[in-house]
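> any chance you could fold what I've pasted below:
(2 chains)
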Amino acid sequence: MDVVQDMTGMTQVPGWRRALRSDLAWVLVVGLASRIELYLLAWLFNLHFDLGRDFSTLLCSWDCGWYWSIFAHGYQLQPDAHPAGDAANWAFFPLFPYLVRWFSQASGVGVYASAMLITNVSFIIALVVLHAYARAALGGPTARFVVIALAFSPFALYFSAPYTEALYLLLMVAAMHLAQTGRWVGAGLCAAALSGTRNLGVFIVLPMLMLGVAQFGWRRLARVAEGTERFYLGLALAPLGLFGYMLFLHLHVGDALAFKHVQVAWGGTVGNPLAVIADAVWHGDAYARYCAVSAGVGLGVGVWLYRRGLRAEALILIIGTLIPASVRVASVPRYVFTLFPLYLALGLALRESPRAQWLVFAALLPLGGFTIASWVAQKTYMI
Amino acid sequence: MNAARPLALAGIVALGVFYLYVGLLANRPQVGALYRLHFIEQNLREWNHGKGPEYRLGESIDFGRDQPYLSRRGWGRTEEPGTWSDGPSSEVILRIVEPQPPRRLTMTVIPFIATTQGLPSQTLAVYANDRQVGVYTLTEARDMSIDLPAVDLSEVDGLLRLRFEFARANSPKNLGLSGDGRQLGIRLVRLAVE
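Coordinates of the predicted model:
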């Protein structure tokens, strides 16, 4: 029953629903406050550096140009970018740029403004889902800290840039939340969208598999017992976005793996990620070492989370570190520090110490200012 | 029995069939030879805006300088007077701009030999677009002239792929000559196709 009456006959909203509304309002306030802070600082730095950007392109740096090419023109038929002319926008998965493209075409809103709207709405919804997820795993007060830590993280600017990060976060945390609560078809649909958002998205099947084993047990899964078919359908749906994009690429350019093959333009070849990280530490410049340390943090926290029982989340972190590092260490900080399990780990580590949580929050703010300035100024270490 | 169960199982099978179909398409890309070489095999040094390593028949290529014609794999760094092969096989890739087919390959090579260490000669097998055109035993630096079979290059984007295989490639390090670990076969000094 949703509504009850008290002894005076007054209609009352049950406590859990009041709490839910209160949590929802709290998350929305945190999310909006973090975005206001981000845009305010970005605007100030834009003025300070005299960059002349308008509001909709304020956070348009680096790969934003690639996404713009898809927003405006769709996928290329031939590669033509970079000095050798061998780079093409096929490396960028379609769900985010095509949502922007379609929204812009349907609404008449410009593509940058559409991208800004989609990323920020995705991010705010992602915070709401993350709060519910973290509350179930770590309890209410810690969940609030997890949301704050992510929203004000120095890397949270990527969630408002015209990048896939916000949509990726939303779909990933939604897939995990739905799987965790046994809603496997919904989880599979989110996972399908995730694999159409970024090449790494398809690897969500591994943490989903881990959750499925925990829920059903190996024996029931092996027998395909009653009830497990939804789990299998969820898993089977996960690669749909990836394979749909592959089919499109085959029809468009004749090569279903063009998204992978075009990496040659960026000098990417797949190797042993641990060797790539070690090479960056011993032989790399300061940026490569920073990336290698970030990868080390991702792996270390992943192992720690695994030992603390959050195994599916640990797997997200470990996969999210190792797969990008198998090609190159560049951009690894962005990949690692925008993964939500990192913030779950932070919440778990500081669960017993509200003072430490405040200290961390206080440290995040100036770091966030630094990264926002660096992003607006197009510093290479922010790629 | 849950009524949704057959539907779910049918959905899984349908998805599996779709993935298999796309996987087969991925295994058979419908692309040109130049695209395949650069993006799939990743063995071309320069895409050059889709024109590849353009070559005019009769031009002499000096491999003592950086050249776009060498495959990515199978060669060491550029050195004077020529570039050493590194590994059991290497390629020179030419995109012939003229319509007429090439007839003759001439090249100057220096084999890696170390008689006192038990390597008195190198065996060089030459292939043109996967067809063997000769096998040679090299004991010293040599100017070579090799007839090429008539091949229609129009179906392969004008690409002439000259592959060199070295049955006795070895490293100076392995032979105790120096610390150089490259698997040397020949040093390619000069090459021309006419």
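> residue B:60: what's it in contact with?
Counting by CB atoms under 8 Å, 6 or more residues apart in numbering or on different chains, residue B:60 makes contact with B:190-192. To be clear about C-beta, it is placed using only N, CA and C from the backbone, and glycine gets the same treatment.
> run the last query once more with 6 Å
B:190, B:192 (CB atoms under 6 Å, 6 or more residues apart in numbering or on different chains).
> phi, psi for it please.
Main-chain torsions, residue B:60, degrees, to the nearest 10: phi -100, psi 130.
> could you say which helix or strand holds residue A:323?
Using DSSP states H and E, residue A:323 maps to helix A:311-325.
> packing partners for that helix?
helix A:205-216, helix A:273-283, helix A:286-307, helix A:332-337, helix A:340-349 (3 or more CB pairs under 6 Å, 6 or more residues apart in numbering or on different chains; DSSP states H and E).
> those: which one's closest to residue B:27?
Shortest distance between residue B:27 and the helices and strands packed on helix A:311-325, using CB to CB, is found for helix A:205-216: 21.4 Å.
> next SSE downstream of that closest one?
helix A:218-222.
> need the residues that contact that next one.
By CB under 6 Å, 6+ apart, the list of residues contacting helix A:218-222 from outside reads residue A:228.
> buried residues of that helix, list them for me.
Under the neighbour-count criterion of 16 or more other CB atoms under 10 Å in any protein chain shown, helix A:218-222 has A:220-221 buried.
> which residues does the helix or strand just after that helix contact?
Per DSSP H and E, the first helix or strand lying C-terminal to helix A:218-222 is helix A:228-237. Helix A:228-237 is contacted from outside by A:184-185, A:187-188, A:192, A:205, A:212, A:216, A:220-221, B:5, B:8-9, B:11-12, B:15, using CB under 6 Å, 6+ apart.
> what's in contact with the helix holding residue A:323?
Here helix A:311-325 makes contact (CB under 6 Å, 6+ apart) with A:200, A:203, A:206-207, A:210-211, A:273, A:276-277, A:295, A:298-299, A:301-302, A:305-306, A:332, A:335-336, A:339, A:341, A:344.
> picking up where we left off before, buried ones among the contacts of helix A:228-237?
The neighbour-count test (16+ other CB under 10 Å) marks A:184-185, A:187-188, A:192, A:205, A:212, A:216, A:220-221, B:5, B:8, B:11-12, B:15 as buried among the contacts of helix A:228-237.
> what angle separates the helix holding residue A:323 from helix A:273-283?
Angle of helix A:311-325 versus helix A:273-283, following axes from the mean of the first three to the mean of the last three CA atoms, to 10 degrees, is 60 degrees.
> pull the distance from helix A:311-325 to the chain's centre.
Its chain's C-alpha centre and that of helix A:311-325 lie 12 Å apart, by CA atoms, centre = their mean, to the nearest Å.
> now do the buried residues in it.
By 16+ other CB under 10 Å, the buried positions in helix A:311-325 come out as A:311-322, A:324-325.
> and what of stretch A:375-383?
Neighbour-count burial for stretch A:375-383, counted by 16+ other CB under 10 Å, picks out A:375-376, A:382.
> same question, stretch B:11-22
Using 16+ other CB under 10 Å as the burial criterion, the residues of stretch B:11-22 that qualify are B:11-12, B:15, B:18-19, B:22.
> what does stretch A:124-144 give?
Buried, per 16+ other CB under 10 Å, within stretch A:124-144: A:124-135, A:137-138, A:142-144.
> just the C-alpha atoms of it, please, in PDB.
Extracted in PDB, the C-alpha atoms of stretch A:124-144 (Å, rounded to 0.1, in the frame of the first residue of the first chain):
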ATOM      1  CA  ILE A 124      22.100  13.600 -13.300                       C
ATOM      2  CA  ILE A 125      20.100  10.400 -13.900                       C
ATOM      3  CA  ALA A 126      23.300   8.400 -13.500                       C
ATOM      4  CA  LEU A 127      23.800  10.000 -10.100                       C
ATOM      5  CA  VAL A 128      20.300   9.000  -9.100                       C
ATOM      6  CA  VAL A 129      20.800   5.400 -10.100                       C
ATOM      7  CA  LEU A 130      24.300   5.300  -8.600                       C
ATOM      8  CA  HIS A 131      22.800   6.500  -5.300                       C
ATOM      9  CA  ALA A 132      20.300   3.700  -5.300                       C
ATOM     10  CA  TYR A 133      23.000   1.200  -6.200                       C
ATOM     11  CA  ALA A 134      25.500   2.500  -3.600                       C
ATOM     12  CA  ARG A 135      22.700   2.600  -0.900                       C
ATOM     13  CA  ALA A 136      22.000  -1.000  -1.400                       C
ATOM     14  CA  ALA A 137      25.700  -1.900  -1.300                       C
ATOM     15  CA  LEU A 138      27.000   0.400   1.400                       C
ATOM     16  CA  GLY A 139      24.100   2.100   3.200                       C
ATOM     17  CA  GLY A 140      22.500   5.500   2.900                       C
ATOM     18  CA  PRO A 141      25.100   7.900   4.400                       C
ATOM     19  CA  THR A 142      28.000   6.300   2.400                       C
ATOM     20  CA  ALA A 143      25.900   6.400  -0.700                       C
ATOM     21  CA  ARG A 144      25.600  10.100  -0.400                       C
END
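> can you give me the distance of residue B:188 to residue B:160?
Separation of residue B:188 from residue B:160 (CB to CB, to the nearest Å): 15 Å.
> if you could redo that for residue B:75, that was the one I meant.
On the measure of CB to CB, residue B:75 and residue B:160 end up 17 Å apart.
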